[in-house]
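Undergrad: Need coordinates for the below:
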Amino acid sequence: MQELPPEELSEQIQNSDDTPLVLDIRHQEDFKEWHIPGSLNIDVYDELIEDPEQTKQTLSDLSREKQIVTVCAAGIVSQTATDTLRELGYDAVTLADGMNGWSRVHRHAEVPADLDGTLVQVARPGKGCLSHILISDGEAAVFDPSQYLDEYEAILDTYDAELIGVFDTHAHADHVSGGVELADRHGTPYYLHSKDALAIDATPLEDGQIVTVGQVALEVIHTPGHSEGSVSFDIAGGAVITGDTLFHESVGRVELGVEAGIEESDIEQNAATLYESLQRLLDRPNDAVVLPAHDPGSPEPPVTATLEEVKERNGDLGRDRQEFVTELASDIPNHPPNFERVKRTNVGQESVPADELAELELGPNNCAAE
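TA: The predicted structure follows:
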């Protein structure tokens, strides 16, 4: 079996001048919802299952100048595509575990910020997720970690830093948090606002609370709206970790907690609350680096923008209160896959077997309002 590990494909896309042709053979609707950037979609999924010989005429029109990497959901049907292409004389391999494998890829880079320490951004291109590690004077704090903890352990080792706290900006709806497990591994507190820690053992965060990491002081800002327990972190005025409250070109959606059955508020009330939370963030220094928990597409770290740049780019911030509430409450995008179960897992109301966690969160990130 000719397979290419997803991490290796990521490296090729990121660094190579001669990137392969990524051929996605899934149905068009699945491709449109979620795919590897730059990939080509030829929907021959059903034909590959029923009679691969039917696909040869279509596939024989592909360029022979590059290696072809075939992609499906789990790397099974795409292996048939690879076999067919190789019969046609192509240099073809299968992306191991397909989009499932792509979802596990992480990349990281330092964030340029004026701090007495180092900020590392960890991007998960297959999910659009961003998490962050603050390192100062031999201590470290991790914000919004994924369930794939080896990525964070490796960075802590590289910087020879002791983990003193793990923070979630909120109970996420698109991916399973690794926060509790990472904190348990290191015998350090796991921090989450009490409004989101419904049935989970967490050290509560409070508005105005100061947490020190090495030489850097973090201020907790309670910014509800996306969820009742959403918080942001002002990192010594040099950066603001905004979770899903404020993105560079959008804001957090306001109905997920309601529709998951874990919030008693209504969507309009959440939108009004989010509007007020955003005003608090807009009072921060204009040159502060805004670091959200997600970025659409396939983020290449570091994904950064100053607060001044965000004010210029983000149309949601120019709306008055009534327009803002009306727009967010009426225009509801597609939900993240399995968001109800993911959300309940992250607040501690549901326990998902370890072998099901990866599959539970597969699919695109849809946590922005638009």
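
Undergrad: check contacts around V22.
TA: For V22, the contact set (CB atoms under 8 Å, 6 or more residues apart in numbering) comprises 9, 36, 38-40, 68-69, 71, 95. (Glycine included, C-beta is placed from N, CA and C.)

Undergrad: mind checking the SS state of T212?
TA: Recorded secondary structure, T212: strand (DSSP: H, G, I helix; E, B strand; the rest coil).

Undergrad: chain center to stretch 351-364: distance?
TA: 14 Å (CA atoms, centre = their mean, to the nearest Å).

Undergrad: same thing with stretch 233-245?
TA: 17 Å.

Undergrad: With stretch 212-224 instead?
TA: 22 Å.

Undergrad: PyMOL command to pick out the buried ones of the contacts of V22?
TA: To isolate in PyMOL the members of the contacts of V22 that are buried, counting by 16 or more other CB atoms under 10 Å, one can use:
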select buried, resi 9+36+39+40+68+69+71+95
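
Undergrad: Restricted to helices, list the contacts of V22.
TA: L9 (DSSP state H).

Undergrad: Quickly name whichever of the contacts of V22 is closest to E276.
TA: Proximity of those to E276, judged by CB to CB, is greatest for I36, which lies at 38.6 Å.

Undergrad: Leaving out chain neighbours, which residue sits closest to the closest one?
TA: Nearest residue to I36, sequence neighbours excluded (CB to CB, 6 or more residues apart in numbering): V22, at 5.4 Å.

Undergrad: Surely the one you found is within a helix?
TA: No - with three-state DSSP as the criterion, V22 is strand rather than part of a helix.

Undergrad: re the thing from before, out of the contacts of V22, give me the two with the largest separation.
TA: L9 and L40 (14.2 Å).

Undergrad: Show me the shaky parts of the stretch 251-370 of the chain.
TA: 333, 364-370 (pLDDT under 70).

Undergrad: That one: strands as residue ranges?
TA: Listed in chain order, the strands of the stretch 251-370 of the chain (DSSP state E, counting those that start in this stretch) span 289-292, 305-306.

Undergrad: and if you look at the stretch 101-250 of the chain?
TA: Using DSSP E, counting those that start in this stretch, strands in the stretch 101-250 of the chain cover 107-111, 118-124, 129-136, 139-143, 162-167, 190-193, 203-205, 210-213, 216-222, 231-235, 239-243.

Undergrad: for the ones you listed, which one ends up most surrounded?
TA: strand 239-243 (a mean of 28; mean count of other CB atoms under 10 Å).

Undergrad: Let me see the mean pLDDT of it.
TA: Average pLDDT, strand 239-243: 98.

Undergrad: likewise stretch 151-165?
TA: 98.

Undergrad: Distance check, the nearest residue to E219 once chain neighbours are set aside against H222.
TA: Nearest residue to E219, sequence neighbours excluded (CB to CB, 6+ apart): D234, at 4.2 Å. Using CB to CB, to the nearest Å, D234 is found at 12 Å from H222.

Undergrad: How about D137?
TA: Taking CB to CB, one finds D137 at 27 Å from H222.

Undergrad: mind listing what's buried in stretch 268-284?
TA: 269-275, 277-278, 281, 284.
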